[in-house]
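J.: Turn this into a model:
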Amino acid sequence: MAKQHGRHTVITVDGSDISAYCRTSSYEKNADVHDVSGYGDDDKRKSGGQRDNKFTCGGVYDTTAGTGPRAVLHAEVGNTLAVTRQVEGAGTGKPNDAFNAVLTKYVETSPVDDMVTWSAEFDVDGEVTTTAQA
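T.: Sure thing, here's the model as predicted:
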């Protein structure tokens with residue numbers, strides 16, 4: 001079984017590569033489920049509906065002006081941004097997920113005994129396009 005190490009993941013938001021600032025990311029595919037049971041059914045009947053995808057990422061805060069997560073994300077909450085995710089890293093034939101998403105939350109956490117961290121939550125707007133990298 002081939003395995004993939006997470007350190008190769010590449011994430012860009014609005015054209016800025018934030019991979020170096022990320023320690024974690026999550027891509028979640030969900031779908032609505034509708035109850036279509038009728039009279040006489042002993043068990044519930046279900047039908048799939050629209051997909052509702054989400055994306056999160058986060059890491060250690062970096063003060064790098066212009067390219068760090070605060071510079072890229074802080075002022076963009078509520079805006080729709082272009083996001084790409086390359087879970088196997090960059091390279092010919094590897095998967096590339098591209099989508100537009102509303103940045104719904106940006107959080108900075110400052111514990112007294114550890115590093116400042118950041119996290120971001122996105123609601124995907126429309127379809128996620130998965131292609132092989134050229």
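J.: Run a quick neighbour tally on the nearest residue to residue 60 once chain neighbours are set aside.
T.: Nearest residue to residue 60 in three dimensions, chain neighbours excluded: residue 115, at 5.1 Å (Cβ to Cβ, 6 or more residues apart in numbering). The way it works is simple: take the backbone N, C-alpha and C, and place the C-beta from them, glycine included. By the measure other Cβ atoms under 10 Å, the count of residues near residue 115 is 11.
J.: cool, residue 58 as well?
T.: As a measure of burial, residue 58 has 21 neighbours, counting by other Cβ under 10 Å.
J.: Distance check, the most centrally placed residue in the chain against residue 122.
T.: With distances taken as Cα atoms, centre = their mean, residue 55 lies nearest the centre of the chain, 2.3 Å away. Applying Cβ to Cβ, to the nearest Å, the value for residue 55 to residue 122 is 4 Å.
J.: returning to what we had before: run through the residues that contact the residue nearest to the centre of the chain.
T.: 25, 26, 27, 28, 83, 85, 99, 101, 121, 122, 124 (Cβ atoms under 8 Å, 6 or more residues apart in numbering).
J.: Assign it to helix, strand or coil.
T.: Assigned by DSSP: H, G, I helix; E, B strand; the rest coil, the conformation of residue 55 is strand.
J.: residue ranges of the strands in this structure, please?
T.: Secondary structure of the chain (DSSP state E): strands at 10-13, 16-17, 24-28, 31-35, 46-51, 54-60, 80-86, 95-109, 117-132.
J.: Which of those strands has the highest mean neighbour count?
T.: Sort these by mean neighbour count, taking mean count of other Cβ atoms under 10 Å, and strand 10-13 sits at the top with a mean of 20.
J.: Pairing partners for it, with directions?
T.: Here strand 10-13 is paired, per DSSP bridges, with strand 16-17 (antiparallel), strand 80-86 (antiparallel).
J.: avg pLDDT for the longest one?
T.: What that stands for is strand 80-86. Confidence for strand 80-86, expressed as mean pLDDT, is 97.
J.: Just the CA atoms of that strand, as PDB, please.
T.: This file holds the C-alpha atoms of strand 80-86, laid out as PDB (Å, rounded to 0.1, in the frame of the first residue of the first chain):
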ATOM      1  CA  THR A  80     -14.800  34.400  -1.600                       C
ATOM      2  CA  LEU A  81     -11.300  33.300  -2.400                       C
ATOM      3  CA  ALA A  82      -9.700  30.900  -4.800                       C
ATOM      4  CA  VAL A  83      -8.100  27.900  -3.000                       C
ATOM      5  CA  THR A  84      -6.000  25.100  -4.300                       C
ATOM      6  CA  ARG A  85      -5.000  22.000  -2.400                       C
ATOM      7  CA  GLN A  86      -2.400  19.500  -3.600                       C
END
